[in-house]
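Visitor: sequence first, then the predicted structure:
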Amino acid sequence: MPVLGNDFTDNTVFIYDENGNHLIDTIITNHDKSHQQIQVSVMPMDLKVNDNCKLLVLSSPSPCEYQGKVKKFGGNQFIAMYQGQEKEDRGAARYPVTTPALITAKYVGGQLSGINPPIKVTMINISTSGVRFRAPYQSLEDKDRFQMYMVIANNKKQLISEVINHMDYADKNPKVSDYGCRFVEL
């Protein structure tokens with residue numbers, strides 16, 4: 001797990017309650033590394049002082065996962081960050097996410113080639129190692145590398161990912177495919 005010495009200011013953070021329910025995705029407005037705490041542009045309404053939460057920070061070169069606890073000092077709320085979150089057996093816990101995204105380009109012959117119009121995807125979940133999303137039927141193949149944009153709190157995040165697996169649902173209307181992807185670059 002990355003150390004808390006990284007500066008997460010202006011990074012996107014997904015905030016979940018302690019049961020893993022998605023509360024909000026927002027931007028870190030301040031990261032006080034000496035006190036291991038962050039302030040965010042929008043604090044989830046469901047979290048009160050002393051509530052525990054889980055954080056997934058979309059930092060570069062890879063996302064970071066932390067336990068958190070809501071604190072208050074001098075009228076300001078912040079989230080204290082702690083390392084040591086338990087992991088699932090799969091290596092990185094999955095968290096549900098509802099952020100819309102677009103696939104804007106694919107790698108063809110080692111070169112990034114734009115897709116027009118971009119492929120609209122519905123995010124399913126995210127982890128420190130990758131994403132799962134639903135897209136139009138057979139939009140991508142295993143081992144395809146692509147560029148994806150997510151807009152979170154008016155902040156655009158570019159992700160380069162690679163398809164690890166996919167499942168097609170030809171019986172659904174409209175036909176769709178689910179894609180499991182690993183991050184190559186943030």
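Guide: All right, it came through fine.

Visitor: how's the protein carved up into domains?
Guide: The record's domain parsing of the chain by automatic domain parsing lists 12-82, 95-185.

Visitor: got those as a markdown table, with distance to Asn6 columns?
Guide: Placement of C-beta: from N, CA and C, glycine included. Formatted as a markdown table, these follow (distance: least, CB to CB, whole Å):
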| stretch | distance to Asn6 |
| --- | --- |
| domain 12-82 | 6 |
| domain 95-185 | 13 |
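
Visitor: got these as CSV, with mean neighbour count and mean pLDDT columns?
Guide: Listed next are those as CSV, based on neighbours: other CB atoms under 10 Å; pLDDT from 0 to 100:
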stretch, mean neighbour count, mean pLDDT
domain 12-82, 17, 88
domain 95-185, 16, 90
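
Visitor: name the residue most distant from the centre of the chain?
Guide: Gly74 (30.6 Å; CA atoms, centre = their mean).

Visitor: how close does that residue get to Asp142?
Guide: 52 Å (CB to CB, to the nearest Å).

Visitor: just Tyr179 next, same as before
Guide: For Tyr179, the distance to Asp142 equals 9 Å [CB to CB].

Visitor: shared neighbours of the two, anything?
Guide: Listed contacts common to Tyr179 and Asp142 are 163, 165-166; contacts here mean CB atoms under 8 Å, 6 or more residues apart in numbering.

Visitor: who does the spatially most central residue of the chain form a beta bridge with?
Guide: Closest residue to the average C-alpha location of the chain: Ile126 at 4.9 Å, with CA atoms, centre = their mean. With DSSP bridges as the criterion, Ile126 is bridged to Tyr95, Val131.

Visitor: hang on, it packs against Ala92?
Guide: No - here Ile126 does not reach Ala92: they are 9.5 Å apart, not a contact under CB atoms under 8 Å.

Visitor: which helix or strand contains Ile27?
Guide: In the assignment (DSSP states H and E), Ile27 maps to strand 22-32.

Visitor: so what does that strand touch, helix or strand wise?
Guide: If you count contacts as 3 or more CB pairs under 8 Å, 6 or more residues apart in numbering; DSSP states H and E, strand 22-32 packs onto strand 12-17, strand 37-40, strand 145-152.

Visitor: can you show me the strands along the chain?
Guide: 12-17, 22-32, 37-40, 52-58, 64-73, 76-82, 95-96, 100-108, 111-126, 130-136, 145-152, 155-169, 176-185 (DSSP state E).

Visitor: the first one pairs with which strands?
Guide: Under the criterion DSSP bridges, strand 12-17 sits next to strand 22-32 (antiparallel), strand 52-58 (antiparallel) in its sheet.
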